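Colleague: got a sequence here, can you model it:
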Amino acid sequence: MGRPAKPIISRERAVRAALEVIDENGVEGLSLQLVAKRLGVKAPSLYYHFKNKAEILSDVARLLFSDVVTREDVEYENWREEQAALAVATRRSILSHPKAAPLLLQFFPRYLMLKAYDNWSGRVDLPVEQRMQVIEGIEKLTLGSALFGAMSAATQTDPMPAFPAEKFPHLSEAIDANPLSEDEMFEAVLRAFLYAF
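Modeller: So this is what the prediction gives:
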């Protein structure tokens, strides 16, 4: 199918419209027709910006990361707090679109973070051989927590299934003694990891 002579809509508007459709219908419910309808155009108009549906999905995954706001004017007490703030903001962005979160498993936009990783790696007080451990650890903790939380929200299931306390007494005791919310638990685990270095 040929592309229109000039764009009727912007690529960014189309990607945001696609994210809205996914928020309502899930990834499997995304169609070019629904995105076009939301934008008030015909589906062929989208081919000016995208080769196929996979390219739109890849850009939606990128959008989940590019919407993370990092404030340059904030003074952090150290690099650990700076990284914790970025991880919390990233997790929050992903969790605000739980039905889109599975796209990160297929279209993880790590390239968006290369400049930040390089900048961070040049400023920290860690031995060079530990820097990738920190980067990998923050990534895995953040994405793991966000994807788990997103799936729980998208399917409307509790993160921890109901179980008889007498069958799993130690787990029941640990759950009852835990004063933290899911968000607080993520921050506590993240800081425990960061301050271990």
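
Colleague: now this structure, which segments are flagged as low pLDDT?
Modeller: For the chain, the stretches with pLDDT under 70 are 1-8, 67, 69-76.

Colleague: the longest helix along the chain packs against which elements?
Modeller: Looking across the chain with DSSP state H, the single longest helix is helix 128-155. Where contact means 3 or more Cβ pairs under 8 Å, 6 or more residues apart in numbering; DSSP states H and E, helix 128-155 is packed against helix 79-95, helix 103-106, helix 114-121, helix 182-194. Heads up, the C-betas are built off the backbone N, CA and C, glycines and all.

Colleague: would you convert these into CSV that also reports mean neighbour count and distance to residue 24?
Modeller: CSV is the format used below for the helices and strands packed on helix 128-155 (neighbours: other Cβ atoms under 10 Å; distance: least, Cβ to Cβ, whole Å):
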stretch, mean neighbour count, distance to residue 24
helix 79-95, 19, 17
helix 103-106, 16, 15
helix 114-121, 12, 31
helix 182-194, 16, 24
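
Colleague: wait, which of the ones you listed is closest to residue 133?
Modeller: If you check each of the helices and strands packed on helix 128-155 against residue 133 by Cβ to Cβ, helix 182-194 wins as the nearest, at 9.8 Å.

Colleague: what's the angle from the closest one to helix 79-95?
Modeller: If you take axes from the mean of the first three to the mean of the last three Cα atoms, to 10 degrees, helix 182-194 sits at 140 degrees to helix 79-95.

Colleague: before I go, just wanted to say thanks for your time.
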